[in-house]
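1. What follows is a predicted protein model with its sequence.
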Number of protein chains: 4
Amino acid sequence: MSRLKLGMVGGGQGAFIGAVHRIAARIDGKWDLVAGAFSSDPEKSKASAAELGVAPDRAYGSFQEMAEGEAAREDGIDAVAIVTPNHMHAAPAVAFLTAGIHVICDKPLAATPGQADEIAEAVRSSGRRFILTHNYTGYPLIRQARQMVADGALGDLRVVQAEYPQDWLAEEVHNKQADWRTDPNRSGAGGCIGDIGTHAYNLACFVTGLRAESVASDLDAFVPGRRVDDNVHVMLRFGGGVKGMLWASQVAVGNENALRLRVYGTKGGLEWGQENPNVMRFTRFGEPTRTLTRGGAGASEANIRVTRTPPGHPEGYLEGFANIYSEAAAIVANARDGTPLPEGLHAPGIEDGLDGMRFIAACIASSRADGAWTRLG
Amino acid sequence: MSRLKLGMVGGGQGAFIGAVHRIAARIDGKWDLVAGAFSSDPEKSKASAAELGVAPDRAYGSFQEMAEGEAAREDGIDAVAIVTPNHMHAAPAVAFLTAGIHVICDKPLAATPGQADEIAEAVRSSGRRFILTHNYTGYPLIRQARQMVADGALGDLRVVQAEYPQDWLAEEVHNKQADWRTDPNRSGAGGCIGDIGTHAYNLACFVTGLRAESVASDLDAFVPGRRVDDNVHVMLRFGGGVKGMLWASQVAVGNENALRLRVYGTKGGLEWGQENPNVMRFTRFGEPTRTLTRGGAGASEANIRVTRTPPGHPEGYLEGFANIYSEAAAIVANARDGTPLPEGLHAPGIEDGLDGMRFIAACIASSRADGAWTRLG
Amino acid sequence: MSRLKLGMVGGGQGAFIGAVHRIAARIDGKWDLVAGAFSSDPEKSKASAAELGVAPDRAYGSFQEMAEGEAAREDGIDAVAIVTPNHMHAAPAVAFLTAGIHVICDKPLAATPGQADEIAEAVRSSGRRFILTHNYTGYPLIRQARQMVADGALGDLRVVQAEYPQDWLAEEVHNKQADWRTDPNRSGAGGCIGDIGTHAYNLACFVTGLRAESVASDLDAFVPGRRVDDNVHVMLRFGGGVKGMLWASQVAVGNENALRLRVYGTKGGLEWGQENPNVMRFTRFGEPTRTLTRGGAGASEANIRVTRTPPGHPEGYLEGFANIYSEAAAIVANARDGTPLPEGLHAPGIEDGLDGMRFIAACIASSRADGAWTRLG
Amino acid sequence: MSRLKLGMVGGGQGAFIGAVHRIAARIDGKWDLVAGAFSSDPEKSKASAAELGVAPDRAYGSFQEMAEGEAAREDGIDAVAIVTPNHMHAAPAVAFLTAGIHVICDKPLAATPGQADEIAEAVRSSGRRFILTHNYTGYPLIRQARQMVADGALGDLRVVQAEYPQDWLAEEVHNKQADWRTDPNRSGAGGCIGDIGTHAYNLACFVTGLRAESVASDLDAFVPGRRVDDNVHVMLRFGGGVKGMLWASQVAVGNENALRLRVYGTKGGLEWGQENPNVMRFTRFGEPTRTLTRGGAGASEANIRVTRTPPGHPEGYLEGFANIYSEAAAIVANARDGTPLPEGLHAPGIEDGLDGMRFIAACIASSRADGAWTRLG
């Protein structure tokens, strides 16, 4: 497979997630970053381009200009990564899709349901590919967990416990990252629920193969003056009588990015945490707990397929993220020239994005309705 | 302090918790077991008495006989331990209290609110002492956690996460322990919520010094044919705007007795789990997490007061339980002859029991009302 | 089995290990402490006796007096626990054995090889029982480990890693515990090697069923002015080509009582640490690591036999120690009246003590000979 | 800084470490792989080149050809990565250095002391840079550990415990990786000691700033027919009276790549393990243990300098390895055009390589001399 050409919208100086996307795109050597509208300020965009080795004529002052310019080039980009704040996903996504360019987009899908629908409509009408970077689905052991659930290793599912505690917003904080995430005009109506609650929810869905039917929630903004939620408690009802709880917090002092998933069925249970993602605990009822490792004894095909180093040599967040970029490369190459899709490929897409939006909306609605069970979409 | 004389109701052959109470009573050498109605079958009661070194004339065929007999003796028991199934707490408790004998009772307080009220009334009218064995409050680091919260080490509290997963009832099981716990006539209307949910709830209250004002819950009986809940999801609202979640389960495959408590405030966070109870993680916001140990560097007075061995020599469940029995000994000795109460003494009592009953009732009511927020009592 | 009568030499006010022995003897209700020479100062001995509920006429001013007095009584003690500093083991042990009284003795066996031989001779000539409290052999998972090795679950053994780091003597310290342990006249020529190195060594031998044939060692006294070693590095050669390393330290800052054992064979490996003794990691080559628990799924008979509480309710140091006392009770009862010994009984005895003395001597000799491989005894 | 051009010797199909070097070189976007002699078989070399996107005219059939060819090009490589088996380090290293091309070389330095000296002589005479990929020194917390030791946070050092257990060679295995590592003609006289023992030793030296003065060792080849050691026990004497132990094993069943370092001084202790490299335990004597994290609260400048993602988003083996490549880029850029070296830069070099060779030789010699203390070099 020849290398693919990537453009980026957002991710200029001071951004966090743009740099992550760039490393993720580099790790497996399948993408070259060749164009960008790194900032809404053209000067800053050009400065970032220079730093990143992007040619000056492909350092654009706006995403509109970039979509047009790249679509017109013979050697135009194969896909664009959109790494702007939530409220700035829809416009560029629609522009690039409409221009015939595949889109890799950060999560959540958008700041509002209306924006989300616009993207979905553009995906449908354009026939272009859309990959949403719910990056935690790229961890090898999460792939194995999904496979194990699908294969029945846990029996019939009963209970799902998902949580994502952080503490970086436990006090009033001002920096580029914090500012937009706590501003409802940029993040959308959900704060914590959108930023990390959706990650926990998506992970639970990915592993179980289920979607929540309804939620009952209690959202709080603990830090005085905060305009969006920073701690969320959710009870979930999945299909088939499966029950769940989800806790996400930005004020849980002592937690960095302690995303954790636990799934229990009639025959077995699984536990995994992303801060040490190379191990997963699996128990068959009545047997000792086994520690499965990334690539080690007991690793499944789905695990090994997205693994680079021997077991015991830890892979982390960037490698998991890189797996999404490598899946995206396969998808884009397939769309471009029919390169066959590898077996076992998974990448979150527009449906995951829409479901996440429904999840956010339902949680907010339920909390406002004093916790009444609220259906998703 | 001279040794105290203990009697026991229940705890005959095949029982689990009776043996635990007896070891707990022995560890610090403050109690001698001298009388018992170990079974409702007089023959079995006598056989157990013989095994336990209890004199034949104090092996009673019924608790009524025992309450009468012991009250009449010059050398009668100082206190009785009631270790029967839930529905058999009230009658003996009332009988002994009325006979002027202090009571140590297993939890939950009773099978029904009516029974609970009878006990409470007997405590009030008799003036006798009543200790409820919410044994997890006896762990040294839990004592320290309570002290730290009270001293403001966590700042103003915000979030409480309590959980108690087990897996021993993941399938249909029949044995003495399982049978009464899954029989609503013996356990009361709550299964998992009463048996272990109350432990998690009591622990959260003990450490935070708070009580829940209302709950929203979702209770399930996952095992086909089970007549009481075996998995419970609860959202909590404590006083002062503190929010919580509580999960208890008897079907979470891979968990033995994984009671865990996490408490977060404006300035700090605490995490503790009972399966390795000799460590507790404490984080002051913006500082590295510290691992506090039982009796080790950083141990508070409340921790050291109930510690027997040097740090690194683990104490466990029985030692924590023994701490309740030693507190009970101090309380009973104080009631008997005015022996001064030690500073720092804590023992769960009738109020904890009543609050636990209100918690069970509110959780059941909320779940039946489709998760509506329901006030306690 | 009727209760046995226990006496104690040492263990008066300010002692650590005496209190541990007393709790250990109480836990299973098989022993009553009825006599003692708790201090070499008769007044202090009587004061301790009063505190401990020992009758004044059995509070002796010296061990000689006690051995004589108890041997003469119809209701004399069945066994004596010797919990004095190392240099004070031999004289009382010989006195009681000679008086026909069984002995439970703290480790190491003695301060000098000569003393050790005197005890061994008295054991032989008296025909009395002698139990050495290498208490870590009482942990249920250590029993299981021994059984697994014996049953071949690890295949042919290759490598043993034992370590016991502490930090309480990292600086010059003065208290009752530290003083005698750092005084060669009371502890013997070995400091750390005798106090905790022997524990690690004994544990390795217990689990593997092997004895070291020779050692190469490097002993240090890091704290200025310290007259005995406080950090020991040892390479070991066991029988059958099995190799090992042993590290014991009293100056390893951050360690409380981090005794740890790892054993590897052709087919499997085991890892266990005493600070969280209720879990053990076991790996069959080519399979995921299993976490075995005390009493849980995968627990062997040898594990369950010495377990009191359900899995997940942690047992600790005192319960492990109590197992030694319960084994001792069975041994003494058997000697007294032929009560049959239970299947699976194990208790460290005089041979373990002598081997420990040989281990200490060989390590000291090797270190003095610049690490030359030195045979044990 | 503009991108640098990298060549590679070795690392063709079926190799493990070549792929690791390539990812490491890509992660921070500072290197482009543009040339290679990926195999000693020219056809295979070309096939690998094609897969890797290396132009056909820079796919060389031998390293000699490549050194010559690249030295002659205007746009020749800035540095070459040598990722062949140990016995094939010296010849290409000398060739490239002599041709004026900087070298990045896998460890250990060479298969024999003679080869090592040849490389060292070429480094000296050429004036070119030489970076040895002791990649574990690239972990952020290892950088912090070194800084903390240097800053005196541990006081005067006393004890170092290093270990590196694996189990992949517990049985006879045949594959490309295993074959050369167990063949003395290709790996050198040391097996386990050279392959992973040097990593553990180098890590201990890096963190402490010390070198071993002498060693006493016991090397074994446990697997029947194995011609090099697969388990090594070493006692160490560093400068200044610091003592250490080192265990490395390829037969410790249940271990993947469990490299671990523990360092203790008069005031503090540190513990770190590479399988979960984002946390490090640090204890100041008399205080609770703190858990330091990569980039988190308490992270030092040396830690943060080589960190990419927020704390709690784990970085792993590849990121640590990438740090070495980024340091190498800075070194090579500095050599090329005087680009200033960043503050805090560290990269293992020829001296580390020579010291590692002395360590291997001394361990082998000591083991042959029945463990006699043997000086390094």
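-> Great, that's in hand. Residues are numbered from 1 along each chain as shown, chains lettered A, B, ... in the order given.
2. contacts, neighbours, all on C-alpha from now
-> Will do.
3. so what's residue A:33 up against?
-> A:5-8, A:22, A:54 (Cα atoms under 8 Å, 6 or more residues apart in numbering or on different chains).
4. now, among those residues, which is nearest to chain B?
-> residue A:22 (29.1 Å; Cα to the nearest Cα).
5. Remind me which helix or strand the closest one belongs to.
-> Element membership of residue A:22, judged by DSSP states H and E, is helix A:17-27.
6. The residue of the stretch 251-377 of chain A found nearest chain C: which element?
-> For the stretch 251-377 of chain A, the residue closest to chain C is residue A:290, as judged by Cα to the nearest Cα, at 4.4 Å. Assigned by DSSP H and E, residue A:290 belongs to strand A:289-293.
7. ok, now residue A:247?
-> strand A:243-249.
8. Now do the following helix or strand past that strand: everything it contacts.
-> Using DSSP H and E, the helix or strand that follows strand A:243-249 in sequence is strand A:260-265. Strand A:260-265 is contacted by residues A:154-164, A:200, A:203-204, A:208, A:269-274, B:251-253 when judged by Cα under 8 Å, 6+ apart.
9. Would you give the sheet partners of strand A:260-265, along with the direction of each?
-> strand A:157-165 (antiparallel), strand A:268-273 (antiparallel) (DSSP bridges).
10. possible to save these as CSV with mean pLDDT and mean neighbour count?
-> Formatted as CSV, the strands paired with strand A:260-265 follow (pLDDT from 0 to 100; neighbours: other Cα atoms under 10 Å in any protein chain shown):
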stretch, mean pLDDT, mean neighbour count
strand A:157-165, 98, 25
strand A:268-273, 98, 24
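11. Would you format these as a markdown table with distance to residue B:33 included?
-> Below are the strands paired with strand A:260-265 laid out as a markdown table (distance: least, Cα to Cα, whole Å):
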| stretch | distance to residue B:33 |
| --- | --- |
| strand A:157-165 | 43 |
| strand A:268-273 | 42 |
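12. low-scoring stretches of chain A, by residue?
-> Within chain A, the stretches with pLDDT under 70 are A:1.
13. does any bit of the longest helix seen in it sit next to chain D?
-> Longest helix of chain A, by residue count under DSSP state H: helix A:317-337. Yes - legend: contact between helix A:317-337 and chain D by Cα under 8 Å from any Cα of the partner chain is shown at A:317-318.
14. The stretch 201-350 of chain A against chain B: which residues are in contact?
-> Residues of the stretch 201-350 of chain A lying near chain B (Cα under 8 Å from any Cα): A:216, A:218, A:222, A:233, A:235, A:244-245, A:251-254, A:264-270, A:282-285, A:288-289.
15. Kindly recompute the last result at 6 Å.
-> Residues of the stretch 201-350 of chain A found near chain B (Cα under 6 Å from any Cα of the partner chain) are A:252-254, A:264, A:268-269, A:283, A:285.
16. re earlier: which one of the contacts of residue A:33 is nearest chain C?
-> Nearest member of the contacts of residue A:33 to chain C, counting by Cα to the nearest Cα, is residue A:22, at 34.7 Å.
17. Just give the nearest non-adjacent residue to the closest one, would you?
-> residue A:33 (7.7 Å; Cα to Cα, 6 or more residues apart in numbering or on different chains).
18. same deal with residue A:265?
-> Here the residue nearest residue A:265, using Cα to Cα, 6+ apart, is residue A:157, at 3.9 Å.
19. Would you quantify the distance from the one you found to chain B?
-> Residue A:157 sits 10 Å away from chain B, taking Cα to the nearest Cα, to the nearest Å as the criterion.
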